[in-house]
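Asker: everything below, folded, please.
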Amino acid sequence: MGVTAITRMLAGVALVVTLAVPFTPAIDRLAVRMAVTPRLEPADIIVVLAGGLQYGDRLTEASMRRTVTGIRLYRARLAPVLLFSGGTTEAGGPTEAAVMAALARGLGVPDSDILLETASTNTRTEAVEVTRILKPRGLRRLLLVTDPFHMRRSRAVFERAGDFEVLPAPADPWETTALGPESRLAVTRRLSQELTGMMYYRARGWL
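Answerer: Numbering: from 1, shown residues only. All right, here's what the predicted structure looks like:
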């Protein structure tokens, strides 16, 4: 079979998969397998991971959800301190951690209960930088806040980087049944991104 024929065959398979995914429950089952059971228990600190900025200084929807979840956990008295993580996305712009912290202050969290990590650029460097901040303080039991699909990789990276006890606190638990075609496509894209990230992190020895 020639290269052209193989290419056409692979393109055909990809098309069939793309068309089939929205109308089958297969992606629902994969989403359930990727889920990490929340453990909303008392901890030393709540760590909120970066979810991105837009327009230079505004939180994306993902980052907003994570920030609000962290604040809710703080108000539930599950930990006395909030740490917001995330560096700058544009030269000269604010760090994401600073933007998240500003929202928390505006919602009543005192500045004395907020820590910032502003040097990271990805999940791996977040784990390294957060370890650098928390180890001298003797804080090792943490509630980790990020998106559900990102949680499995994030928890493993933090456990390896800092020998933390990581309690998963997903920011937006998703529906695992009755997903419509459009939402199934969105879940497929997000799962593909995360599975690629996990493979890359394993290859680098970070998991």
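Asker: every contact and neighbour count from this point should use C-alpha atoms.
Answerer: OK.
Asker: output the contacting helices and strands for the helix or strand hosting Arg160.
Answerer: Using DSSP states H and E, Arg160 maps to helix 148-162. Packing partners of helix 148-162 (3 or more CA pairs under 8 Å, 6 or more residues apart in numbering; DSSP states H and E): helix 26-34, helix 123-134, strand 165-168, helix 181-204.
Asker: with distance to Pro42, mean neighbour count and mean pLDDT added, can I get the ones you listed in a markdown table?
Answerer: A markdown table is the format used below for the helices and strands packed on helix 148-162 (distance: least, CA to CA, whole Å; neighbours: other CA atoms under 10 Å; pLDDT from 0 to 100):
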| stretch | distance to Pro42 | mean neighbour count | mean pLDDT |
| --- | --- | --- | --- |
| helix 26-34 | 24 | 15 | 67 |
| helix 123-134 | 17 | 19 | 96 |
| strand 165-168 | 9 | 20 | 96 |
| helix 181-204 | 28 | 15 | 79 |
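Asker: what's the closest of these to Gly70?
Answerer: strand 165-168 (11.6 Å; CA to CA).
Asker: and the gap between the residue nearest the centre of the chain and Ala203?
Answerer: Taking CA atoms, centre = their mean as the criterion, Thr146 is the residue nearest the geometric centre of the chain, at 3.5 Å. Relative to Ala203, Thr146 is positioned 23 Å away (CA to CA, to the nearest Å).
Asker: hmm, back to that, dump the helices and strands packed on helix 148-162 to a markdown table, plus distance to Arg58.
Answerer: Output for the helices and strands packed on helix 148-162, formatted as a markdown table (distance: least, CA to CA, whole Å):
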| stretch | distance to Arg58 |
| --- | --- |
| helix 26-34 | 29 |
| helix 123-134 | 20 |
| strand 165-168 | 25 |
| helix 181-204 | 22 |
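Asker: between the ones you listed, which one is nearest to Arg72?
Answerer: Set against Arg72 and scored by CA to CA, the helices and strands packed on helix 148-162 come closest in strand 165-168, at 14.4 Å.
Asker: contacts for that closest one?
Answerer: Outside strand 165-168, the residues that touch it by CA atoms under 8 Å, 6 or more residues apart in numbering are 36-41, 140-145, 151, 155, 158-159.
Asker: give me the below-cutoff pLDDT ranges for the protein.
Answerer: 1-32, 173-184 (pLDDT under 70).
Asker: how close does the residue nearest to the centre of the chain sit to Ser154?
Answerer: Look at Thr146 and Ser154: by CA to CA, they are 8 Å apart.
Asker: likewise for Ser192?
Answerer: Counting by CA to CA, the gap from Ser192 to Ser154 is 16 Å.
Asker: and what of Arg190?
Answerer: Relative to Ser154, Arg190 is positioned 15 Å away (CA to CA).
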